[in-house]
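Engineer: sequence and predicted model, in that order:
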Amino acid sequence: MKMTFRWYGESDPVTLDKIRQIPCVSGVVTAVYSVPVGEVWRSEDIDALKRQVNKAGLEMEVIESVPVHEDIKLGKGDYKRYIENYKENIRRLAAAGVKCICYNFMPVFDWTRSRLNQPLADGSNALAYYKADVDKMDPAKISLPGWDASYSPSEMGELIKEYKEIGEEGLWKNLEYFIKEIMPVAASCDVNMAIHPDDPPWSVFGLPRIITNDRFLALYDDVHHGLTLCSGSLGCIKSNDYTAMVKKYGGMGRIHFAHIRNVKILDDGSFEESAHMSDCGSLDIVEILKAYYEVGFKGYLRPDHGRMIWGETGKPGYGLYDRALGAMYMAGIWETLEKAGFDKMHR
Ligand SMILES: [Mn+2]
């Protein structure tokens, strides 16, 4: 397991030299942010980013994300050119030593939350998703971070209509086409592709969502075709046995990237993001890490969102302090599992 930390580049108030001081972190997860979605990243930009990260004493082996253009997801317009661009990005990142690329196939919106700084009982604040809030929202009239602000309300309305028309099966068909195009390139470059599950893992605003891991993995039979397993996304449905998913997909060698955060699931299925410690949320982080340890997980892990604590402000979910606490907590659990020889005890 390699502990990593997300870094949003030059504009991130959490700087590389601060990340370098978290004892367990070997590298950052980042991206070239200056290029419009769908276009090819310049090799000079990739190399400059890598040099900057390496100079700070950190690795750049994971990219999150190389975004997938809406035309690819809808199978329309310029999708063939965008897929060729995507392949070129895989080749260029591989040439710079990148080993894992995280991406998602969520229509229009990336993650969805209804509150970005919900006060918690301890005086910190965190991202939250309240079903009653979301039910009242009109996606054409509001904007949340992570959402593409480049669409006008009428364009947004049109896009949502197109997704509703192709439906879930249409989205699957376009995903399959995309996977069959890019995976031979990724495999030949020895880059692991790791799709992030939809967040939250249910339909929002009537848009189709792809969340079935078995069906996804069956699209392409190669170990490079894998998952970013995100405990905060998949773990926010009570009936999901997240630890069993780690054992199953980790056992198949298909989890390349682990996002771990804790969530407190509320009675109506809403959730609040919480501190990583098991006691603070609905997920047992020790059980989850034990499962990763048991399957011999060799991929990358990062603390996913954190709360804002100690007065910190910044990008919601991506402050320094709580994510650093989460990283150290998980590194401590991992070291204990290793030193206790947990795997040998249970053989
Ligand atoms: Mn995640």
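Structural biologist: In hand now; what should we look at?
Engineer: alpha carbons only for contacts and neighbour counts from here, please
Structural biologist: Noted.
Engineer: below-threshold pLDDT in the stretch 101-250 of the chain: ranges please.
Structural biologist: 139-150, 211-212 (pLDDT under 70).
Engineer: helices of that one, start to end?
Structural biologist: With DSSP state H, counting those that start in this stretch as the criterion, the stretch 101-250 of the chain has helices at 131-136, 153-188, 213-217, 231-234, 242-251.
Engineer: nearest to residue 21, of the ones you listed?
Structural biologist: Shortest distance between residue 21 and these, using Cα to Cα, is found for helix 231-234: 25.4 Å.
Engineer: ok now do the residue lying closest to residue 321 once chain neighbours are set aside, which residues does it touch?
Structural biologist: Spatially, and ignoring its direct neighbours in sequence, residue 321 is nearest to residue 309 (6.8 Å; Cα to Cα, 6 or more residues apart in numbering). Contacts of residue 309 were listed using Cα atoms under 8 Å, 6 or more residues apart in numbering, and they are 123, 124, 125, 321, 322.
Engineer: what are the phi and psi values at residue 4?
Structural biologist: With angles defined as degrees, to the nearest 10, residue 4 sits at phi -130, psi 180.
Engineer: repeat for residue 94
Structural biologist: For residue 94, the backbone dihedrals are phi -60, psi -40 (criterion: degrees, to the nearest 10).
Engineer: please shift the residue numbers so they start at 31 in all later answers.
Structural biologist: Let's use 31 as the start, then, which means that last one is residue 124.
Engineer: just list the residues touching it, thanks.
Structural biologist: Neighbouring residues of residue 124 by Cα under 8 Å, 6+ apart: 219, 220, 221.
Engineer: turn the residues you listed into a markdown table, including neighbour count and distance to residue 245.
Structural biologist: Listed next are the contacts of residue 124 as a markdown table, based on neighbours: other Cα atoms under 10 Å; distance: Cα to Cα, whole Å:
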| residue | neighbour count | distance to residue 245 |
| --- | --- | --- |
| 219 | 18 | 24 |
| 220 | 17 | 23 |
| 221 | 23 | 21 |
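Engineer: for the spatially most central residue of the chain, give me its contacts.
Structural biologist: For the chain, residue 226 is the residue whose C-alpha lies nearest the centre (Cα atoms, centre = their mean; 4.9 Å). Neighbour list for residue 226: 132, 133, 134, 135, 257, 258, 259, 260 [criterion: Cα under 8 Å, 6+ apart].
Engineer: from memory the last one sits against residue 285, does it?
Structural biologist: No - here residue 260 does not reach residue 285: they are 10.1 Å apart, not a contact under Cα atoms under 8 Å.
Engineer: between the two, which has more neighbouring residues?
Structural biologist: For residue 260 and residue 285, the more surrounded residue by other Cα atoms under 10 Å is residue 285, and the numbers stand at 29 against 24.
Engineer: and the more buried one, what is it in contact with?
Structural biologist: Contacts for residue 285 (Cα under 8 Å, 6+ apart) come out as 224, 256, 257, 258, 259, 276, 279, 327, 329.
Engineer: what are the phi and psi values at it?
Structural biologist: Here the main-chain torsion angles of residue 285 (degrees, to the nearest 10) amount to phi -90, psi 110.
Engineer: try the one 3 residues further on
Structural biologist: Dihedral angles of residue 288 (phi, psi; degrees, to the nearest 10) stand at phi -110, psi 120.
Engineer: name the nearest residue to it, ignoring sequence neighbours.
Structural biologist: Counting by Cα to Cα, 6+ apart, the residue nearest residue 288 is residue 331, at 4.5 Å.
Engineer: adjacent strands (with direction) for the helix or strand harbouring the one you found?
Structural biologist: Element membership for residue 331, per DSSP states H and E: strand 330-333. Paired neighbours of strand 330-333 in the sheet (DSSP bridges): strand 32-36 (parallel), strand 285-290 (parallel).
Engineer: reformat those strands as TSV; add distance to residue 359 and mean pLDDT.
Structural biologist: Below are these laid out as TSV (distance: least, Cα to Cα, whole Å; pLDDT from 0 to 100):
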stretch	distance to residue 359	mean pLDDT
strand 32-36	11	98
strand 285-290	11	97
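Engineer: out of these, which one sits most buried?
Structural biologist: For these, the largest average neighbour count (mean count of other Cα atoms under 10 Å) is found in strand 285-290, namely a mean of 26.
Engineer: what's the neighbour count on residue 107?
Structural biologist: 11.
Engineer: check what pLDDT it gets.
Structural biologist: pLDDT for residue 107: 93.
Engineer: and the closest residue to it other than its chain neighbours, how many neighbours?
Structural biologist: Nearest residue to residue 107, sequence neighbours excluded (Cα to Cα, 6+ apart): residue 101, at 6.0 Å. Using other Cα under 10 Å, the number of residues around residue 101 comes to 17.
Engineer: what does the pLDDT read for residue 101?
Structural biologist: Residue 101 is given a pLDDT of 95.
Engineer: and it, which of the three is it?
Structural biologist: Under DSSP: H, G, I helix; E, B strand; the rest coil, residue 101 falls in the helix class.
Engineer: hmm, it is touching residue 109, no?
Structural biologist: Yes - using Cα under 8 Å, residue 101 makes contact with residue 109 at a distance of 5.0 Å.
Engineer: measure residue 91 to residue 45 for me?
Structural biologist: Taking Cα to Cα, to the nearest Å as the measure, residue 91 falls 18 Å from residue 45.
Engineer: who has more neighbours, those two?
Structural biologist: residue 91 (22 against 15).
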